[in-house]
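Participant: Fold the following.
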Amino acid sequence: MKKTNRKLQLALSTAAMLLLIIAVLLTSFQIAVYGDPEYGFYKDLYEKYQVTGELNMELEDVMTVTDYMMAYLIGEEEELSIVTDVDGRKQDFFNEQDRLHMADVRNLFLGGLKLRTVLLILAAVAVLVLFFMKADMRKILSKAYSWALAVFLAALAALGIGFAVDFTACFRIFHEIFFTNDLWMFDPAEDYMIRMLPEGFFFDMVIRIVLIFLGFLLAVRVLLWVWKGVSEKFKNSNETR
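Facilitator: Purely as a prediction, here's the structure:
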């Protein structure tokens, strides 16, 4: 009976840690995209990929468009439309295809933030159940995190290898999975947005997300180690009294 109970506790704690890891990934995505309110990372990439030359725009105007687009994606603007100087004339930077595609992107992004909240609530409920089951939290959560992390990092490594081998193919597959239309297929000759956001931009953004995510994972690992170590030291100190 005790063995069955321990297995149940390990399964429940591993599920909780896996939910936490996915929530951390979604948070890493949000920080990578919105962590810099001045969008300095975007500016660096625009200069790296010579976006201003491709658009025949001033960098200041590109940053104004970026600020508006990011406000739209997080729900602060209702319509994706901004008039600016682009390609030698004053016009709306975005076309109808941009608006339809970015509406899908906004729904996906905001849906991801809602999903993160649900995952954190479920993880908290699982931990609460473990508490009422009188599980040894400091030990089981640390062990469960290792199991969950191993599974998730294996999947992440496989995904990373795929992107490194053929980023374009993986980028296409990603869109085919998460979008039910082909509005993400832009023609650089006619669409300004894809000139502003070339493939290299997304590659560098993926690297940024991964680095932030790994930093979070390491921080959680260290916190669990410290908690376990301090708890055991406190327990041993009480036993020797």
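
Participant: Would you tell me what helix or strand Leu224 is located in?
Facilitator: helix 199-239 (DSSP states H and E).

Participant: helix/strand/coil for the residue most central in space within the chain?
Facilitator: Geometric centre of the chain, nearest residue: Phe29, 2.3 Å, by CA atoms, centre = their mean. Secondary structure, DSSP: H, G, I helix; E, B strand; the rest coil: Phe29 is helix.

Participant: if I pick the spatially closest residue to it that is not a sequence neighbour, what's in contact with it?
Facilitator: Of all residues not flanking Phe29 in the chain, Ile209 sits nearest, at 5.4 Å (CB to CB, 6 or more residues apart in numbering). For every residue, glycine as well, the C-beta is placed using N, CA and C. By CB atoms under 8 Å, 6 or more residues apart in numbering, the contact set of Ile209 is 28-29, 32.

Participant: What is the nearest of those residues to Ser142?
Facilitator: Set against Ser142, the nearest of those by CB to CB is Ser28 (21.6 Å).

Participant: Name the residues that touch stretch 9-16?
Facilitator: 122-123, 126-127, 129-130, 133, 135, 140-141, 143-144, 147-148.

Participant: where do the strands sit along the protein?
Facilitator: 83-86, 89-92 (DSSP state E).

Participant: Make TSV out of these and add mean neighbour count, mean pLDDT and distance to Asp61.
Facilitator: Formatted as TSV, these follow (neighbours: other CB atoms under 10 Å; pLDDT from 0 to 100; distance: least, CB to CB, whole Å):
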stretch	mean neighbour count	mean pLDDT	distance to Asp61
strand 83-86	16	94	5
strand 89-92	11	94	10
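
Participant: Could you dump the ones you listed into JSON lines and include distance to Ala158?
Facilitator: Shown next, in JSON lines, are these (distance: least, CB to CB, whole Å):
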{"stretch": "strand 83-86", "distance to Ala158": "40"}
{"stretch": "strand 89-92", "distance to Ala158": "41"}
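
Participant: now for those, which one comes closest to Thr168?
Facilitator: strand 83-86 (26.0 Å).

Participant: Quick one: distance of the closest one to the chain centre.
Facilitator: Averaging C-alpha positions (CA atoms, centre = their mean, to the nearest Å) puts strand 83-86 31 Å from its chain's average.

Participant: dump the residue contacts of Arg208.
Facilitator: Taking CB under 8 Å, 6+ apart, one finds 32, 41 in contact with Arg208.

Participant: re the thing from before, among the contacts of stretch 9-16, which are in helices?
Facilitator: Members of the contacts of stretch 9-16 lying in helices (criterion: DSSP state H): 122-123, 126-127, 129-130, 140-141, 143-144, 147-148.

Participant: neighbours of the spatially closest residue to Phe202 that is not a sequence neighbour, just the number please.
Facilitator: Excluding its sequence neighbours, the residue lying closest to Phe202 (CB to CB, 6+ apart) is Phe171, at 6.6 Å. With neighbours defined by other CB atoms under 10 Å, the count for Phe171 comes to 16.
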